[in-house]
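Q: The amino acid sequence is not available; the structure is as follows:
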């Protein structure tokens, strides 16, 4: 039976391997009107359609989210990559920061692990930690707000 969607099975296998390697629960990729989403639990979805149509069908009128509002905050500290956030340098250690702590510019406030590499996340400016928006060992996306400084 011919493949109606004409999807690159190697691409799906590579995305699934990346999903396993990073520990994420799902990953999405799109290019030239082809959108592929691979998720844990045996769910693999492949869609071939213009990206705008696929997004419009999935979420016709997204309301602004808290994440989008916080992303505009001048003290938002965003993840520079997809990975897993860690609040402390090692298991059992004290967290880098807690809500209410005062930090200085360049101070490590969190770590994001990506492909077995621990990447320190520095404070872009000094201030007080107003909110921590991700849990310890929680998957994060590129550009996701990790914490907010005031």
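A: Thanks, I have it. Values in this document were obtained by computation on a predicted structure and should not be read as measured data. Numbering: from 1, shown residues only.

Q: CA atoms for contacts and neighbours, from now on please.
A: Fine.

Q: Can you give me the distance of residue 102 to residue 109?
A: Going from residue 102 to residue 109 by C-alpha to C-alpha, to the nearest Å gives 11 Å.

Q: Oh, that last question was meant for residue 19, not what I typed.
A: 26 Å.

Q: neighbour count winner among those two?
A: residue 109 (24 against 18; other C-alpha atoms under 10 Å).

Q: Show the contacting residues for that one.
A: Contacts for residue 109 (C-alpha atoms under 8 Å, 6 or more residues apart in numbering) come out as 87, 96-97, 120-123.

Q: Kindly state the pLDDT recorded for it?
A: Model confidence at residue 109, given as pLDDT, is 95.

Q: Grab the nearest non-local neighbour of it.
A: Distances taken as C-alpha to C-alpha, 6 or more residues apart in numbering place residue 96 nearest to residue 109, at 5.3 Å, with adjacent residues excluded.
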